[in-house]
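> Following is a predicted model, sequence given first.
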Amino acid sequence: MKSKILFALLPIVLLTAFCGKKADHKGVVLNVALAPETVTDSLFLNMDLEFKTNSDFKKLSGDYSVFVHFWRVNSKEMLLQDDHAPVKNTADWTANDSIRYSRTVFIPQFLNEFDVDFEGYEELRLTAGLYNAKTQEEPLVLFEKKINIQPASIVSPEIVYDEGWNEIETDVNSKDPFLRNWRWTTAKSTCIIENPKKECTLLIKGGVNKAVYPDQKLTLKINDAPLDEFIPAEGYFSKEYTITPQMMGAEDEFSLKFETDKVFFPDKVIPNSKDNRELGAQIFFIYFREKAK
């Protein structure tokens, strides 16, 4: 089944209920496989979940939800969660059943490798299971695993914002962590990226000003070869690509270029604005990592 990618952290609920002792498993076993094996921050982490019931399975009354929680061991704070409905309603589960599907979560950048007390990694505890939000019943904690999280810099290719970029801007009040920081392109802007010479995932979250140009077209290039050309349907857009070693070439670095057919100057189109920058597209997030197997 196709994975569902979470592009924002979910609201933190039921924080303490899932930290207690394990409840009766009612004949249900949960296995969780993670990819990639090296887990870092600033990472899309794929989770393959498999719920298996045995011959002692006790039918669950009502529809349960799945919880997947990542806890920071030292601070006892929840880093992120992925509470969701399973692909098959729990009321329909039977003995000797198998329910398999995948989820993808984003581990945000939270490690400070320049902290004098940082030891090179931080330990997280992953807990997962079932709960019924309509009752006061104890949740079923079916899976626990401790994970050492390392900083993304150990494996993540370096991305340098080279020519044609405006300075980084920040909105600390943004509820979406992917929209808190951004850079505006100009008509032509280039990133220089370290070449891992392996198949990678490239994900770009960006935006355009539809009020100024409803038909603004963006062109993306890898080493001057066209990757994509599109007119965003809405103000915000999200694009995902698989980049092969052949596309990146044999050099130690390659270029990712953003081009737009229209730019604007805020002081020309926005009343009372004194901003005379050349603005093309707004780029919030560039994710480039080896493709998870």
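Arrived safely, thanks for sending.
> what residues go with each domain of the protein?
Following automatic domain parsing, one finds the domains of the chain at 4-154, 159-290.
> now the end-to-end length of the last one.
If I follow you right, that is domain 159-290. In domain 159-290, first residue to last residue: 14 Å (Cα to Cα, to the nearest Å).
> could you give the mean pLDDT of it?
Mean pLDDT, computed over domain 159-290, is 96.
> what do you get for stretch 115-126?
For stretch 115-126, the mean per-residue pLDDT is 87.
> now the domains of the chain in a markdown table, with mean neighbour count?
C-beta: built from backbone N, CA, C; applies to glycine. Output for these, formatted as a markdown table (neighbours: other Cβ atoms under 10 Å):
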| stretch | mean neighbour count |
| --- | --- |
| domain 4-154 | 15 |
| domain 159-290 | 15 |
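> Next, the residue nearest to Pro108 when sequence neighbours are not counted: phi, psi?
Excluding its sequence neighbours, the residue lying closest to Pro108 (Cβ to Cβ, 6 or more residues apart in numbering) is Pro177, at 5.9 Å. As for Pro177, its main-chain torsions (degrees, to the nearest 10) stand at phi -60, psi -20.
> Look up how far Asp171 lies from Pro177.
Using Cβ to Cβ, to the nearest Å, we find Pro177 at a distance of 11 Å from Asp171.
> Burial check on Pro157, number of neighbours?
Here the number of neighbours of Pro157 (other Cβ atoms under 10 Å) works out to 18.
> Quick check: it is in a helix.
No. Counting by DSSP: H, G, I helix; E, B strand; the rest coil, Pro157 is located in no helix; its state is coil.
> That one contacts Tyr287, doesn't it?
No. Using Cβ atoms under 8 Å, Pro157 is not in contact with Tyr287; the gap is 10.6 Å.
> Leaving out chain neighbours, which residue sits closest to the spatially most central residue of the chain?
Central residue of the chain (Cα atoms, centre = their mean): Phe106, 3.0 Å from the mean position. Leaving out its chain neighbours, the residue that sits closest to Phe106 by Cβ to Cβ, 6+ apart is Phe44, at 5.4 Å.
> Likewise for Ile154?
Thr40 (6.7 Å).
> gap between that neighbour and Arg289?
In terms of Cβ to Cβ, Thr40 sits 9 Å off from Arg289.
> Between those two, which contacts overlap?
Val155, Ser156 (Cβ atoms under 8 Å, 6 or more residues apart in numbering).
> In three-state terms, how would Pro52 be classified?
To be clear, residue 52 is Lys; Pro isn't right here. The three-state label given to Lys52 by three-state DSSP is strand.
> was I right about it contacting Trp93?
No. Applying Cβ under 8 Å, one finds Lys52 not in contact with Trp93, separated by 10.0 Å.
> who touches both of those two?
Residues touching both Lys52 and Trp93 by Cβ under 8 Å, 6+ apart: Val28, Ile99.
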